[in-house]
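K.L.:
I need the structure of the sequence given here:
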Amino acid sequence: MRYFEIEMKVRDYECDAQGIVNNANYLHYFEATRHELLESCGVHFSTLTDNKIYPVVRNISVAYKHSLRGSDRFLSRIRLGKDGLKYFFYQDIYRLPDMRLCVRGIVETVCIIDGKASPQTIFDEALKEYFE
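P.N.:
As a prediction, this is how the structure comes out:
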C-alpha cells in the first residue's frame, strides 16, 4: 500500500471573512486530489462518462483539525480501501512545511452503471497499488 499525494496552495478567494479556508473548500481539495490520482493511473472522467460509467460520492465524513489560511501551501494525501462495490478514499490534508494535520476525511464512492451500483474492474486494476 502506498499513498498518492499532491501539493496545492490556498487561494485567497477560498477563505471566509475570518481569513480561514471555508469548510466546503476542503471538499474541493479532496475531489481535485481524487481526480489527479485517477489521471495519474490513466483513468479519465471523460472516458468513464463516455462509457456510461459514473463514479459518484455516496458518503463523506470530515474531521476539521486545524484551519488553513490564504496562501498556505498544503499536501493532500490519499490511501484507498474497498468493501464490495464501495471504494473508500482516506484523505488527509497537511499544512506545509510543518506537516500539521488540518483535515481528515473518508470519501465513500460507488460506480453507477445503468442506474445501479455496479462492480468496476477498471478501478481495481488502475488503483491496485494504492489499496490497503
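K.L.:
what residue ranges in this structure score low on pLDDT?
P.N.:
Along the chain, segments meeting pLDDT under 70 span 1.
K.L.:
hmm, 50 instead?
P.N.:
For the chain, no stretch has pLDDT under 50.
K.L.:
packing partners for the helix ranked longest in it?
P.N.:
Assignment by DSSP state H gives helix 23-40 as the longest helix of the chain. Contact here means 3 or more CB pairs under 8 Å, 6 or more residues apart in numbering; DSSP states H and E; on that basis helix 23-40 packs against strand 4-9, strand 54-64, strand 73-83, strand 86-95, strand 100-113. In short, each C-beta sits where N, CA and C put it, glycine included.
K.L.:
tell me the most buried of these?
P.N.:
Counting by mean count of other CB atoms under 10 Å, strand 86-95 has the highest mean neighbour count of the helices and strands packed on helix 23-40, with a mean of 20.
K.L.:
just checking, what packs against it?
P.N.:
Short answer (3+ CB pairs under 8 Å, 6+ apart): strand 86-95 packs on helix 23-40, strand 73-83, strand 100-113.
K.L.:
tell me which of the ones you listed sits nearest to residue 59.
P.N.:
Nearest to residue 59 among those is strand 100-113; the distance by CB to CB comes to 4.3 Å.
K.L.:
so what strands line up beside the closest one?
P.N.:
Note on strand 100-113: by DSSP bridges, its sheet partners are strand 54-64 (antiparallel), strand 86-95 (antiparallel), strand 116-117 (antiparallel).
K.L.:
closest one to residue 13 among the helices and strands packed on strand 86-95?
P.N.:
helix 23-40 (9.4 Å).
K.L.:
name the residues that touch that closest one?
P.N.:
With contacts defined as CB atoms under 8 Å, 6 or more residues apart in numbering, helix 23-40 is touched by 4, 6, 8, 14, 44-45, 60, 62, 64, 74, 76-78, 89, 91, 93, 103, 105, 107, 126-127, 130.
K.L.:
lovely, talk soon.
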